[in-house]
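[1] Okay, predicted coordinates and the sequence, questions at the end:
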Amino acid sequence: MARAVQALFLAIGDLSSPRVLRILAISLALTLLLFIAAGAALLAGARWALAHWLWLGAAGIDMASVLILLLLIAGSWLLFRAVAIVVVGLFADAIVADVEGRHYPAAAAGAVDVGWRQSAALALASLARLILGNLAALPFYILLLVTGIGTPILALFVNALLLGRDLEAMVLARHPGRPRLERRARWSLGLLSAASFLVPVANLLAPIASAAMAVHMLHLRRADR
């Protein structure tokens with residue numbers, strides 16, 4: 001865990017890099033546009049369905065639209081991590097290359113370029129694992145609701161496992177010959193990253209910071225040897 005904390009502080013420092021800031025701005029804008037487009041389409045579709053089937057009057061449709069809008073806003077908070085990780089995954093190679101170039105030039109010199117197709121494949125695979133992993137855990141989430149705290153703890157555990165694997169894969173794509181992180185290190189990486197998504201404001205920076213932290217986790221291990 002000590003190495004993960006060290007990597008986290010280094011990653012926070014990397015957020016001041018102009019290239020990283022540019023990627024952060026682009027990724028946040030793209031994430032926001034995706035949410036707005038999806039929300040507008042769902043809201044318009046719901047209003048059309050209610051009006052088409054004459055389930056409610058004009059006033060009822062307006063009230064239902066407000067309720068749907070509130071549900072969409074709540075859902076966007078829950079889905080932010082999934083969408084953000086996919087969007088950042090598209091820029092992962094640029095983030096990793098920037099961090100390596102400034103901190104680990106020897107590693108950067110021997111890195112393999114990752115094309116946009118591979119980046120997109122990694123991002124979609126991450127999304128698929130997120131959906132399937134949380135669907136598999138859904139019955140346990142429901143059962144633990146009565147405990148009040150069991151569901152968020154289990155969700156943190158599940159997403160830490162998934163996120164640690166995905167972040168590791170982003171970095172190893174540039175270094176296919178490198179061994180994987182130790183299980184404990186991967187778990188620490190995922191746990192700190194998943195926890196950062198739960199903190200307001202910090203969760204906006206979490207996708208970029210998590211990717212940078214994964215770079216440090218991989219290379220700090222070799223530096224310690």
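    Looks like it came in fine.
[2] tell me what the lengthiest helix in the chain is packed against?
    What stands out as the longest helix in the chain, according to DSSP state H, is helix 18-52. If you count contacts as 3 or more C-beta pairs under 8 Å, 6 or more residues apart in numbering; DSSP states H and E, helix 18-52 packs onto helix 58-90, helix 92-103, helix 202-223. (Glycine included, C-beta is placed from N, CA and C.)
[3] Quick check: mean pLDDT of the longest one?
    Here the mean pLDDT over helix 58-90 is 63, rounded to a whole number.
[4] Identify the residues contacting the most centrally placed residue in the chain.
    Centroid-nearest residue in the chain, with C-alpha atoms, centre = their mean: Ile85, separated by 3.0 Å. Residues near Ile85 by C-beta atoms under 8 Å, 6 or more residues apart in numbering: 123, 126-127, 130, 163, 166, 207.
[5] For stretch 150-170, list every residue counted as buried.
    For stretch 150-170, the neighbour count (16 or more other C-beta atoms under 10 Å) marks 151, 154-156, 158-170 as buried.
[6] Could you tell me which of these belong to helices?
    Using DSSP H, the buried residues of stretch 150-170 in helices are 151, 154-156, 158-170.
[7] Next, work out how far apart the closest residue to Val83 other than its chain neighbours and Leu24 are.
    Using C-beta to C-beta, 6 or more residues apart in numbering and skipping the chain neighbours, the partner closest in space to Val83 is Thr31 (5.4 Å). Distance of Thr31 to Leu24, computed by C-beta to C-beta, to the nearest Å: 11 Å.
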